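1. Requesting a structural model of the entry that follows:
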Amino acid sequence: MRAKKSYGQHFLTNEHYARQIAHSLQLTDMYDDVLEVGPGQGMLTKHLLERKDDFTLTVSEADKDMVTYIETHYPELSDRIVAGDFLKSKLREQFDGRPFGLIGNYPYNISSQILFKMLDNYDLIPEMSGMFQKEVADRVIASNGSKTYGVVGVLVQARYTGELVLNVSRGNFNPPPRVESAVIRLVRREVPLVPDEKWGRFKHIVKSAFGMRRKMLRNSLKSAFSSEVLASDEFFQRRPEQVSLEDFVALALRDEEA
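-> Here you go, the predicted structure:
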């Protein structure tokens, strides 16, 4: 069965890496369920099923052919296959409000949207692990001053701490992707850096700042702060890559007129 470009499919072929990914979920005392996104032909799935004493596995698959494959080769999952687009799934209803771990060899064409979906449901997801295009993985865990520092990293790190698990070269996939890959693990912060009631403002500030990456904040944040504040405070002479996560948090918590 061939991978489909429309679904961003590149099947992992290295058993050793698959097992490492499956065991990268470590906080299983915090949840009883795990959701795998994009199981494909089940390379990761079979290693997750080996951990049946740690959690109950559910898989989410958009490709009808792969749903049939999983049903045929992993009949124990027959009543725990969610067929359809993960990005449209109602996770709170799916797990009846219970917490769950999130994992996958994520489709590269929607990997950033998967991260944003996780952030929208962070209260349900104590831990997330999986494979991303290396460029995306680098962005998620980047700190200020790095060329890869940007929107996705700042938003994710406000609610999760992240670490690199391993790098994976192109030769470990069929078909080989044009890019290198990496596995990262994210653990939810005990207390998010930004309270829920300020999350919308935080996102607006971060996206506005990096939407004009080469501009100073005094030019990019005109919709978030008064012209008087932007002109009088030297902080707004910085460019977004010079602003730390903590500084972005402080901006979101700051009064618009202060």
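
2. Return the residues in contact with the closest residue to residue 37 other than its chain neighbours.
-> Of all residues not flanking residue 37 in the chain, residue 104 sits nearest, at 3.7 Å (CB to CB, 6 or more residues apart in numbering). C-betas here are computed from N, CA, C, even on glycine. When contacts are counted by CB atoms under 8 Å, 6 or more residues apart in numbering, residue 104 touches 36, 37, 38, 39, 44, 114, 130, 131.

3. What of residue 89?
-> Residue 89 sits next to 60, 82 when contact means CB under 8 Å, 6+ apart.

4. Send me stretch 128-139 as CSV with only the CA atoms.
-> Extracted C-alpha coordinates of stretch 128-139, given in CSV (Å, rounded to 0.1, in the frame of the first residue of the first chain):
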residue,chain,number,x,y,z
MET,A,128,2.6,14.7,24.0
SER,A,129,5.3,12.9,22.0
GLY,A,130,6.0,12.2,18.3
MET,A,131,7.7,12.7,15.0
PHE,A,132,7.8,16.0,13.2
GLN,A,133,9.7,17.5,10.3
LYS,A,134,12.9,18.5,12.0
GLU,A,135,12.4,22.2,11.1
VAL,A,136,9.0,22.2,12.9
ALA,A,137,10.5,20.2,15.9
ASP,A,138,13.3,22.8,16.1
ARG,A,139,10.8,25.6,16.1
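
5. rewinding a little: in three-state terms, label the residue nearest to residue 37 for me.
-> Three-state assignment for residue 104 (DSSP: H, G, I helix; E, B strand; the rest coil): strand.

6. begin at 566 from here
-> Yep, numbering from 566; the last one is residue 669 now.

7. Which pLDDT value belongs to it?
-> The per-residue pLDDT reported for residue 669 equals 97.

8. Could you give the bridge partners of it?
-> Beta bridges link residue 669 to residue 695, judged by DSSP bridges.

9. Tell me how far it lies from residue 638.
-> Taken as CB to CB, to the nearest Å, the spacing of residue 669 relative to residue 638 amounts to 18 Å.
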